[in-house]
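Asks: no sequence for this one, just the structure:
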Ligand code: C2E
Ligand code: CA
Ligand code: CA
């Protein structure tokens, strides 16, 4: 029994850090000896000082569990045992039963406190494990990843570490559609595949329900995995007999090149992952130059609310020309930020960031107010033109949208039929049912609605038929090289045919040369917009452009011989 007790004490002893162990043993022993001395010095066990022995007994039990409590109980009992007088002044010894009783009591208390302490420790260990792992799959979570990475990177000579963060883009959608149990089964297959693809020495963590981290021991190991991922890319998963495609965006960062600490490495890999997710490529490696741009743009975003207040957001317009009459019949309103330090800032520097926040709704309101005011001014000057404004996903979710549009139209004396709203396919697809209803509502109120950047999104043609839009804007990607690229010619022609068969107006965007204008006119496209017609400009410059064109057209009519 003594042997097992000693063995258990050793096991607990071994599990405690060295310095703390030695300090605790010394403290317990000194306290026990000091108590024995105090008991002796204050007159023997007859007096209350002997209860002080509970302190080292309890301390030992807390530190080393049951074995510690038992040993300290027996030790303390013996120290106050047969050799300790009942009363030092008379030299009277204690009765044997007396000290055996006490020893038993100390030992019992030591054992009980030890049991409690062991329970508590086990519970704390479980809590610690849960704090660092996922109970479902046993993988490390974010806290566990940071702790382990930190340990790797802290050493005197930290090794090269590559961290990848993989965002499973459509996992939440899968979960929402098929239920969370199904989603978990998909996730477990993804994890199995990741474990299969990871090279020896690499380890995984699940840092968010749809975000997986992998730590590689070297750049070569990471490269090997990248090749394996590319090879396995098209393999879909089969879950409950259903083929499931999981779309992933992967960001990679490397230490010590990109980061000095675990936190920083994680941050850099996450930034790269966001680049991958925003469509630059499926796998992105961290790049400090890009990051500076993102940081600059975020700083820029911070100044946006004040900029709106101070009226620094301006609207420029780009003409839309009717291909049949060659007249400018409308414009697309495009935002420009007239920044006091940076000059004119293009929307690509702040719109994507603003779209991530509800600030985009304030931007939309400012935009609508300016654009409608411009349209009212053109009409007053004798040049009535339609105006189109861009709406992003959050604008479409904004319950105030229809109200804002109608209120501003009324204020400036515009009819909704003079206003077009441009929405991209991807914005509509974010919540197709809601957007279909909203588009219907806007159309009922008389607004025109165009699908922007048509051709690059994923909406099905069947779905398009269900949307009550009034126009399609063919994406610049197909139009800019139209004159020379025969495959783009085929695409544009078929989009035009599709739009015509659905009774939709068509706008070709990004028309840069006359040859493309000729082709588009021949194929029956309704409007052209692009640098080849007009570059975006402030409202008064647009008006001058329109007036000049009209004067030229009038001249041509008045002098038909030319
Ligand atoms: P978009 O709606 O596709 O607007 C067309 C963009 O293409 C404009 O860039 C325009 O200047 C540019 N562009 C027009 N013709 C040509 C051409 O012939 N060649 C080339 N290379 N480019 C041409 P801009 O003004 O920088 O706007 C970029 C994007 O910012 C817009 O793309 C739109 O998505 C967004 N945006 C602009 N204003 C607003 C706004 O008020 N609200 C929202 N939500 N987004 C806006
Ligand atoms: Ca647009
Ligand atoms: Ca566009």
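Replies: Received, thanks. Keep in mind it's a predicted model, so treat the numbers as computed, not measured. Ligands and ions are numbered 1, 2, ... in the order given.

Asks: residues near the closest residue to ligand 2 within the stretch 151-300 of the chain, how many?
Replies: Residue nearest to ligand 2 within the stretch 151-300 of the chain (CB to the ion): residue 279, separated by 17.4 Å. In short, each C-beta sits where N, CA and C put it, glycine included. For residue 279, the count of nearby residues is 9 (other CB atoms under 10 Å).

Asks: In three-state terms, how would it be classified?
Replies: Assigned with DSSP: H, G, I helix; E, B strand; the rest coil, residue 279 falls in the coil class.

Asks: Start at 23, not 1
Replies: Let's use 23 as the start, then, which means that last one is residue 301.

Asks: any idea how far it is from residue 385?
Replies: 22 Å (CB to CB, to the nearest Å).

Asks: Over to the residue of the chain positioned farthest from its centre. Which of the three states is it?
Replies: Largest separation from the mean C-alpha position in the chain: residue 112, at 79.9 Å (CA atoms, centre = their mean). Secondary structure state of residue 112, per three-state DSSP, is coil.

Asks: And residue 181, by the same measure?
Replies: Residue 181 - assigned by three-state DSSP - is coil.

Asks: residues contacting it?
Replies: Listed by CB atoms under 8 Å, 6 or more residues apart in numbering, the contact set of residue 181 reads 174, 239-240.

Asks: So it versus residue 278, what's the distance?
Replies: Distance from residue 181 to residue 278, by CB to CB: 9 Å.

Asks: Quick one: list the elements packing against the lengthiest helix in the chain.
Replies: For the chain, the helix that runs over the most residues, judged by DSSP state H, is helix 118-154. Contact analysis of helix 118-154 by 3 or more CB pairs under 8 Å, 6 or more residues apart in numbering; DSSP states H and E lists helix 76-101, helix 164-176 as its packing neighbours.

Asks: Of all the residues in that helix, which ones are buried?
Replies: 121, 124-125, 128-129, 131-133, 135-136, 138-140, 154 (16 or more other CB atoms under 10 Å).

Asks: ok now it, how far from the chain's centre?
Replies: 46 Å (CA atoms, centre = their mean, to the nearest Å).

Asks: Equivalent analysis for stretch 436-454, please.
Replies: 27 Å.

Asks: could you check the angle helix 76-101 makes with the longest helix of the chain?
Replies: Between the axis of helix 118-154 and that of helix 76-101 there is an angle of 140 degrees, by axes from the mean of the first three to the mean of the last three CA atoms, to 10 degrees.

Asks: Could you check how many residues crowd around residue 495?
Replies: There are 27 residues near residue 495, going by other CB under 10 Å.

Asks: likewise residue 462?
Replies: Using other CB under 10 Å, the number of residues around residue 462 comes to 15.

Asks: Distance check, the nearest residue to it once chain neighbours are set aside against residue 517.
Replies: Once flanking residues are discounted, residue 462 sits nearest to residue 490: 5.0 Å by CB to CB, 6 or more residues apart in numbering. In this view, residue 490 and residue 517 are 19 Å apart by CB to CB.

Asks: For the two, indicate the residue with more neighbours.
Replies: Set residue 490 next to residue 517 and count neighbours by other CB under 10 Å: residue 517 wins out with 21 against 14.

Asks: Can you read off the pLDDT for that one?
Replies: For residue 517, the model assigns a pLDDT of 94.

Asks: and what of residue 581?
Replies: Residue 581 is given a pLDDT of 68.

Asks: Ok, residue 258 next?
Replies: For residue 258, pLDDT reads 80.

Asks: same thing with residue 63?
Replies: According to the predicted model, the pLDDT of residue 63 comes to 85.

Asks: ditto for residue 25
Replies: Looking at residue 25, its pLDDT stands at 48.

Asks: Equivalent analysis for residue 571, please.
Replies: 87.

Asks: repeat for the one 5 residues further on
Replies: Residue 576 is assigned a pLDDT of 76 by the prediction.

Asks: host element of it?
Replies: Following DSSP states H and E, one finds residue 576 within helix 561-580.

Asks: Residue 474 too?
Replies: strand 470-476.

Asks: List the neighbouring strands of that strand plus their orientation.
Replies: strand 441-446 (parallel), strand 493-496 (parallel) (DSSP bridges).

Asks: Nearest to ligand 3, out of these?
Replies: Nearest of those (CB to the ion): strand 493-496, 5.5 Å.

Asks: I would like the residues contacting the closest one, please.
Replies: Strand 493-496 is contacted by residues 442, 444, 470-477, 514, 517-518, 520-521, 526-531, 547-548, 551 when judged by CB under 8 Å, 6+ apart.

Asks: and whichever helix or strand comes after it, what's its mean pLDDT?
Replies: Following strand 493-496 in sequence order, the next helix or strand is helix 498-501 (DSSP H and E). Mean per-residue pLDDT for helix 498-501: 95.

Asks: touching ligand 3 at all, helix 498-501?
Replies: No: under the criterion of CB under 5 Å from the ion, ligand 3 is not reached by helix 498-501; the shortest gap measures 6.4 Å.

Asks: What is the next helix or strand after that helix packed up against?
Replies: Following helix 498-501 in sequence order, the next helix or strand is helix 508-523 (DSSP H and E). If contacts are counted by 3+ CB pairs under 8 Å, 6+ apart, helix 508-523 sits against strand 493-496, helix 498-501, strand 527-531, helix 536-544.
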